[in-house]
Structures are given as C-alpha cells and as structure tokens.
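Asker: Let's see this in three dimensions:
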Amino acid sequence: MKNKKGLTLVEILIVLTILSVLIIAAVSGMDPIGTMAKARDTQRKKDLNRIKIAFEDYFNDRNCYPSQGLVDMLTDVSRCKSDVFSPWLGNWPCNPGDTPYSIVIGDDENCPKWYKVMTFLENKSDPQISDQGGIGDGVGIPLNYGVASENISLTQ
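Answerer: Residues are numbered from 1 along each chain as shown. Below is the predicted model of the structure:
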C-alpha cells in the first residue's frame, strides 16, 4: 500500500464548508446590526449628557440657557463638530451621521429658563426609553430619548 502525503480536494472542501458554517453561526449569533445600533445609541446618550453639562455651565455664567438664535446655530448641520459653543463645549456633537440633535428652549427667546435636547434611539429595548414614550417629533423622526433642565420634564 502506498502512504498518502497530503489532503485530497474533497477533504479540503469539507474542512472549508465546516469552517464557513461555524463562522456564519458565530456572526449571526453576535447580531452585528444590533450591536452597531447600540453603539450609536451609546454615543447619542454621551453626546446629550455633554450638551446638558455645557448648557448648565452656560446657565451658571449667564443666568439663562442659550437663546433661540444660538440654538438655531447649534442645530445647523454645518456646525457639527465645530467650536460653535466654545468655551462651554469644544466640538459641538451631532447624531451619528452628522445630523443635529433637536433642541427646544423656554418661552423667552432671549433668556430661556429651560431646555430640552432630544434624539431617537434605535434600540427599542433600551430601558431608558421605556418610560418616556414619544417626546416629540423631530423632522419626521419620533424622538424617544432626551435630557432637559431640572425645571421641566421631557414630556411637558
């Protein structure tokens, strides 16, 4: 009998098929689309918290939250990642994909006493959106997460 010194084409194909099935099972089990949505939501939450801190610092300096004119600049897509709100916030954050967050301010356009900053979280099972429900409509997108000054709730 002759001794075999290598793999046949059939053996290599069987090994590649088994590896392919294992890789597909692993990737589908990880839910890459859901994981990316959760990552974008995490970035949104972090951004809104940074904006809240910056707005509170602004209030401490000026005894008002940003005026409507300044809010209009902050919600302009061309201001994403710019220093439009310096020195309170170095780079103005925007939604992943560079769309501005929705901002609503108090009734006094020159010296607002409250604000809301809102966005849409993709992960419907996020526990932080379950008790808020819909909090508004931003350019055709229902908003379901946000931060606000201490003197107003998101649903008011």
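
Asker: lowest-confidence helix or strand of the chain?
Answerer: Least confident element among the helices and strands of the chain, by mean pLDDT, DSSP states H and E: strand 136-138 (a mean of 55).

Asker: Phe85 sits in which helix or strand?
Answerer: Phe85 is part of no helix or strand when elements are defined by DSSP states H and E.

Asker: who's in contact with it?
Answerer: The contact partners of Phe85, taken as CB atoms under 8 Å, 6 or more residues apart in numbering, are Ala54, Tyr58, Pro66, Leu70, Leu74, Trp92. All C-beta atoms are positioned from the backbone trio N, CA, C, and that covers glycine.

Asker: quick one: the second one and Leu74 touch, right?
Answerer: Which is Tyr58. No - using CB atoms under 8 Å, Tyr58 makes no contact with Leu74, being 10.9 Å away.

Asker: With neighbour numbers in mind, choose between these two.
Answerer: Between Tyr58 and Leu74, Leu74 has the larger neighbour count (other CB atoms under 10 Å), namely 24 against 19.

Asker: shouldn't the more buried one be in contact with Trp92?
Answerer: Yes - between Leu74 and Trp92 there is a contact at 6.3 Å, judged by CB under 8 Å.

Asker: okay, how far is it across stretch 70-82, tip to tip?
Answerer: Using CA to CA, to the nearest Å, the end-to-end distance of stretch 70-82 comes to 14 Å.
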